[in-house]
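Colleague: this one's sequence-less:
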């Protein structure tokens, strides 16, 4: 595999940033994921981080170096994250369970597979056009989808969801794929802090006309400007498939020389005590450099 990736998270007008993002990869498979802890419930930052940790742990366990069934993996891993949240709340005798939305994408064998629960979104952009977008698990989106079948007069707040990880009932997890990828395809996963203030057309336009390392910060900064002082946290992770490697940056990654046992991840292995601040690219680049150095050491080991 060869891909470029760029990710960034900014704290908007909220007290703390409850968004989390990250990616993992082996020689033959990659996982790219984002979670948005839900306000109005306890420890949203724990919920989002625990969901991603569960995904990463499952990926490390099952991608040897590829997943046997990517769609089944995504379905099972998201449900495992849900059960981890229920267990976390039970062990700590919490009155309410931490909750989070999540969107995750697996790229393997020139194809993409994804799953989501809630209103964190995935966009697939090709040749300046929007090819795919996830449908939010919100009453507003459901109303729009069913409007031509069953007219509904009620008006809903777009942020009201009917499912998420950590909810009392079994969460709804929608999956898609395989979607065959073409060189230059771009996939972005993002929190609602981005898409709620930047239109789909604007997202497609920015992604299509700028280098990845310029497009992602521009989308995020535009969302922050549009959101104002009371805006939401804004997080995005974008991948360009089969991108031309740029030796001057750390965003280009090639896995072709990796051994079968190499696993790399930017997802934190432990829960963080940091609830505020931005996850800037400098911090992420340090993490990526450490991963690449470990990979280089592994590739030099005698076989």
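Modeller: Perfect, thanks for sending it. From a predicted model like this one, the values you see are computed outputs, not experimental measurements.

Colleague: What are the boundaries of the helices in the stretch 1-150 of the chain?
Modeller: 44-62, 70-91, 139-146 (DSSP state H, counting those that start in this stretch).

Colleague: least reliable of these going by mean pLDDT?
Modeller: Mean pLDDT values for those show the minimum at helix 139-146, a mean of 62.

Colleague: Which is the succeeding secondary structure element to it?
Modeller: strand 174-180 (DSSP states H and E).

Colleague: just checking, next helix/strand downstream of that next one?
Modeller: strand 186-190.

Colleague: what does that following strand rub up against?
Modeller: Under the criterion CB atoms under 8 Å, 6 or more residues apart in numbering, residues 21, 32-34, 103-105, 107, 112, 120-126, 203, 207-208, 212, 216, 219, 234-241 lie in contact with strand 186-190. Using the backbone N, CA and C atoms, a C-beta is placed for each residue, glycine as well.

Colleague: Adjacent strands (with direction) for it?
Modeller: When sheet partners are counted by DSSP bridges, strand 186-190 sits next to strand 121-126 (antiparallel), strand 234-241 (antiparallel).

Colleague: Mind checking the pLDDT average for that strand?
Modeller: 98.

Colleague: any residues touching the helix or strand just after it, and which ones?
Modeller: Remark: after strand 186-190, the chain's next helix or strand is helix 192-195, criterion DSSP H and E. Here helix 192-195 makes contact (CB under 8 Å, 6+ apart) with 12, 19, 36, 101, 119-121, 136, 159, 203, 219-220, 223, 227, 231-236.

Colleague: Pass me the low-pLDDT residue ranges in this structure, would you?
Modeller: 141-159, 243-251, 269-303 (pLDDT under 70).

Colleague: Select only the buried ones of the contacts of helix 192-195 in ChimeraX?
Modeller: Remark: buried members of these, expressed as a ChimeraX selection using 16 or more other CB atoms under 10 Å:
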select :12,19,36,101,119,120,121,136,159,203,219,220,223,227,231,232,233,234,235,236
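
Colleague: Mind checking which of the contacts of helix 192-195 are in strands?
Modeller: If you go by DSSP state E, those have 19, 36, 101, 121, 234-236 in strands.

Colleague: now, which of those residues sits nearest residue 7?
Modeller: Checking the ones in strands among the contacts of helix 192-195 against residue 7 by CB to CB gives residue 236 as the nearest, at 6.9 Å.

Colleague: how about the helices of the stretch 1-150 of the chain in JSON lines, adding distance to residue 267?
Modeller: Formatted as JSON lines, the helices of the stretch 1-150 of the chain follow (distance: least, CB to CB, whole Å):
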{"stretch": "helix 44-62", "distance to residue 267": "4"}
{"stretch": "helix 70-91", "distance to residue 267": "12"}
{"stretch": "helix 139-146", "distance to residue 267": "28"}
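
Colleague: Out of those helices, which one sits most buried?
Modeller: Mean neighbour count (mean count of other CB atoms under 10 Å) peaks for helix 44-62 among the helices of the stretch 1-150 of the chain, with a mean of 23.

Colleague: Now do it against helix 70-91, angle only.
Modeller: Here the directions of helix 44-62 and helix 70-91 differ by 130 degrees (axes from the mean of the first three to the mean of the last three CA atoms, to 10 degrees).

Colleague: Please name every helix or strand in contact with helix 44-62.
Modeller: The contact analysis (3 or more CB pairs under 8 Å, 6 or more residues apart in numbering; DSSP states H and E) places helix 44-62 against strand 19-25, strand 29-37, helix 70-91, strand 100-108.

Colleague: Go through those and name the closest to residue 256.
Modeller: strand 19-25 (11.7 Å).

Colleague: before we move on, the earlier item: and which of the ones in strands among the contacts of helix 192-195 is nearest residue 173?
Modeller: Nearest member of the ones in strands among the contacts of helix 192-195 to residue 173, counting by CB to CB, is residue 101, at 11.2 Å.
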